[in-house]
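S.K.: mind looking at a prediction? Sequence and model below.
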Amino acid sequence: MIGTIAKKEIVNNLLSYKFFIVILLASVLIFTSLFVMARDYKARLADYQINKPAAGEAIAVLPPNPLSILAKGLDESMARSIGIGVTGFDVQSGQKSGNVIYAFFPAPDFVYIVKLVMSLVALLFGFDQISREKEDGTLKLALSNSVSRSALLAGKWLGNFFSLAVPFTIVTCLGIALVGLDPAIRLSAGHLGRMAWLVALSLVYIALFLSLGFLVSALTQRSASSLVVLLLLWAGLVFVLPNLGTLAARQIVKVPSTKALSEKRQQIWTSEILKTYTKEGKWREGTWNDRILAINRESNRLEEDYRRQADRLVRLSKTINRISPAAGFVYAATDIAGTGIGEDSRLKEDIIRHKNRIVDDIIGNKRPFPAFTYRYRSLGRVLAEGSLIDIAWLLAAALIVFGVGAAALRRYDVR
Amino acid sequence: MTEKATILKADDLSMRYEDGVLALDHLNLAVRAGEVYCLLGANGAGKTTTINLFLGFIPPTTGACFINGIDVAKDPLEAKKHVAFVSENVMLYGNFTARQNLDFFAKLGGKPDLDKERYYQVMRRVSLQEKAFEQRVKTFSKGMRQKLGISIAIIKDAAAILLDEPTSGLDPKAAEEFQEILHELKAEGKAILMSTHDIFRAKEIGDRVGIMKEGRLVMERTREELQVEDLVKIHIDYMKSEPLSA
């Protein structure tokens, strides 16, 4: 019975203009996004080829991550050129487009399209599934047969999910395949595996919003009311909650500005350098290395304090923001792509370690400096370090919302 | 002559809504195989509530209703295998053709393996034009949709058929055709319970006619009794009479 209902939903969708318009719009957006982001990636890759440090230079630069085509996240910040000095890092601004209009209308990546557009599309598929059928009298007619309400809901949900998921997956895979044909974009098997995870994660996110549409439809008697409620919910979950969480976290955890940090570093430098001179203003022999080590030690302590507070702020923001499925989705997607907060944090730790090695080389008068290399976390580690929680949360939320929708339909007045 | 089996039975059936309104007050009625029972009454008299109770859409406050001996409240899915339903104004699935609608509801009704010719046969039987068989239902008139609605009931081949004001808004020709189909279904042994405002049609088609007022079955007449009594006058008298609760 569930299969019959699901099949009916798929055929009904295929015969409707709404389906074609919505899928066409989503497809155009996904294709456009992939191609625009691929261009952006290539431009940053070209910048990297120019900025790539020569052997022995105390500069750390990462090449842009090919997965940033789908989930840009913090990749632009991570792939910046970082000059390493005793007091800390001299971070250069990342690759900038020559077109200033990008500052006003940044190119949306795949994650952004899924977060905003596909969630809305899923709601549009779900908002009238129960209330519209009631208005049309088909709900009463269907339930006058030996069909349970749970089976009806499950069939309708499955049919609509497949109607959404199949074209979405095809369009995304086709877009990725076309982007992958570009010789400048080298996608390894590992990258493709992570892309598959991104698509699967997107489907879980879409399933959650589809369930939400069904739930509200089963709680309202009219499809127009359902649409209004869902649009408000969507705006709240996608726009308001993630920002509220960040604002709330800032009220609880105070983090000094990077400007204050930079000034403090300068103070350490000045204070330590002054110690190399006597009261009479004469240079103290044999103290330079001690001062360098002291500056490095103090800078590291300062950096550590700052990072501890910043990490606390980020952790708290993340925890609060997880109330919003959109935030959970973005955290998981960017972490899987290697452009998320977890990867950025680990990169910074590696750069500090690299800086300490360079300081040791300065003291030991060793040249050339070692080249900075960075290995992205394995997918298993990414999942274990938090992404699995985000995915599980989205999956659980989708199941809970569907369950509540089924309970609402059991009590629904079909008359 | 042997007594025909009772297919639809309301046993001391009452329904009080959450707001306290008593929609149905100790209703007792039975519809036998091959019998058409017409329920008359003003809006809010309890006709549609009776049908909704038979379909399990609402639970009775007291009493029970049975379809083929199965208590609807206790085993609604089993009970609904034996009943088909035609509502007043069903829109059906507008993007589907008449045949696709019929196919879907036939499958829901437990007939998964019917072929196209069987669907055409049923649609011909209700006098739906051949060219409409593969047309999208959103282009259909109300009369055509009602014909398709009765096709859905026919194809289920259930022992009982519940009709909720099925001729409301139909033109005289369509209503006449509808009446003929009901006669055929009755001849096939279906137990038919129809709520209607159409007194003339009720008199012509009903083996028994009940008048409901404020949730109570206040009068019941057989076809034979109505040969000598004026149903219109009886109905109007009940409509005009003092409220029962007064």
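M.R.: In hand now; what should we look at?

S.K.: what residues does B:Ser87 make contact with?
M.R.: A:137, A:140-141, B:149, B:164, B:166 (Cβ atoms under 8 Å, 6 or more residues apart in numbering or on different chains). In short, each C-beta sits where N, CA and C put it, glycine included.

S.K.: can those go into CSV with extra columns for pLDDT?
M.R.: Shown next, in CSV, are those (pLDDT from 0 to 100):
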residue, pLDDT
A:Gly137, 86
A:Lys140, 91
A:Leu141, 91
B:Gly149, 90
B:Asp164, 90
B:Pro166, 83
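
S.K.: who's in contact with A:Ile363?
M.R.: Each residue near A:Ile363 by Cβ under 8 Å, 6+ apart is listed here: A:289, A:292-293.

S.K.: can you redo the residues you listed as CSV with neighbour count and secondary structure?
M.R.: Below are the contacts of A:Ile363 laid out as CSV (neighbours: other Cβ atoms under 10 Å in any protein chain shown; DSSP: H, G, I helix; E, B strand; the rest coil):
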residue, neighbour count, secondary structure
A:Asn289, 12, helix
A:Ile292, 17, helix
A:Leu293, 16, helix
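
S.K.: and chain B, which residues reach chain A?
M.R.: B:48, B:52, B:55, B:57-58, B:77-78, B:80-81, B:83-85, B:87, B:89-96, B:100, B:104-105, B:107-110, B:112, B:136, B:149, B:152, B:156, B:162 (Cβ under 8 Å from any Cβ of the partner chain).

S.K.: neighbours of the closest residue in space to A:Asp182 that isn't next to it in sequence, how many?
M.R.: The shortest distance from A:Asp182 to any non-neighbouring residue, by Cβ to Cβ, 6 or more residues apart in numbering or on different chains, is to A:Ala38 (6.5 Å). Neighbour count of A:Ala38, defined by other Cβ atoms under 10 Å in any protein chain shown: 22.

S.K.: list the buried residues in the helix or strand where A:Ala38 lies.
M.R.: Element membership of A:Ala38, judged by DSSP states H and E, is helix A:17-51. Neighbour counts over helix A:17-51 (16 or more other Cβ atoms under 10 Å in any protein chain shown) mark A:19, A:22-23, A:26-27, A:29-31, A:33-35, A:37-38, A:40-41, A:44-45, A:47-48, A:51 as buried.

S.K.: any stretches of the chain with poor pLDDT?
M.R.: Just going to use chain A. Residue ranges of chain A with pLDDT under 70: A:79, A:81, A:83-106, A:278, A:283-287.

S.K.: try chain B instead
M.R.: Counting by pLDDT under 70, chain B shows low-confidence ranges at B:1-2, B:242-246.

S.K.: so where do the strands sit in it?
M.R.: B:6-16, B:22-32, B:36-41, B:62-67, B:70-71, B:83-86, B:160-164, B:191-195, B:208-213, B:216-222 (DSSP state E).

S.K.: for the first one, list the C-alpha coordinates in CSV.
M.R.: Just to be clear, that refers to strand B:6-16. Extracted as CSV, the C-alpha positions of strand B:6-16 are listed here (Å, rounded to 0.1, in the frame of the first residue of the first chain):
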residue,chain,number,x,y,z
THR,B,6,-27.8,-6.7,7.5
ILE,B,7,-24.7,-5.0,6.1
LEU,B,8,-24.8,-1.6,7.8
LYS,B,9,-25.9,-1.3,11.3
ALA,B,10,-25.9,1.6,13.8
ASP,B,11,-26.5,0.3,17.3
ASP,B,12,-27.6,3.0,19.8
LEU,B,13,-25.0,5.3,18.2
SER,B,14,-24.3,8.7,19.8
MET,B,15,-21.7,11.3,19.0
ARG,B,16,-21.0,14.3,21.2
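
S.K.: touching that strand from outside, list them.
M.R.: By Cβ under 8 Å, 6+ apart, strand B:6-16 touches B:22-33, B:37, B:46, B:49-50, B:53-54, B:58, B:60-68, B:82-83, B:159-160, B:162, B:191, B:193, B:215.

S.K.: helix, strand or coil for the spatially closest residue to A:Asp413 that is not a sequence neighbour?
M.R.: Spatial nearest neighbour of A:Asp413, chain neighbours left out: A:Gln221 (7.3 Å); criterion: Cβ to Cβ, 6+ apart. Taking DSSP: H, G, I helix; E, B strand; the rest coil as the rule, one finds A:Gln221 in the coil state.

S.K.: what sits against A:Gln221?
M.R.: A:Gln221 touches A:131, A:134, A:413, counting by Cβ under 8 Å, 6+ apart.

S.K.: and residue 36, what is it in contact with?
M.R.: With no chain named, the answer covers chain A. A:Ala107 are the contacts of A:Val36 under Cβ under 8 Å, 6+ apart.

S.K.: hm, I was asking about chain B
M.R.: Contacts were defined as Cβ under 8 Å, 6+ apart; by that measure B:Val36 touches B:182, B:186, B:192, B:194, B:205-208.

S.K.: tell me how far the residue nearest to A:Asp182 lies from chain B.
M.R.: Separation of A:Ala38 from chain B (Cβ to the nearest Cβ, to the nearest Å): 38 Å.

S.K.: for the residue lying farthest from the centre of chain A, phi and psi?
M.R.: Centroid-distance maximum for chain A: A:Glu280 at 57.4 Å, with Cα atoms, centre = their mean. A:Glu280 adopts backbone torsions of phi -80, psi 0, taken as degrees, to the nearest 10.

S.K.: can you pull out the helices in chain B?
M.R.: Secondary structure of chain B by DSSP state H: the helices cover B:47-54, B:76-79, B:98-108, B:116-125, B:142-156, B:172-187, B:199-205, B:223-228, B:231-240.

S.K.: pull out the buried positions in the longest one.
M.R.: By neighbour count with 16+ other Cβ under 10 Å, helix B:172-187 contains the buried residues B:174-175, B:177-178, B:181-182, B:185-186.

S.K.: between those, which is nearest chain A?
M.R.: Nearest to chain A, judged by Cβ to the nearest Cβ, of those is B:Leu185 at 16.3 Å.

S.K.: was I right to think the closest one contacts B:Ala191?
M.R.: No - counting by Cβ atoms under 8 Å, B:Leu185 does not reach B:Ala191; the two are 9.6 Å apart.
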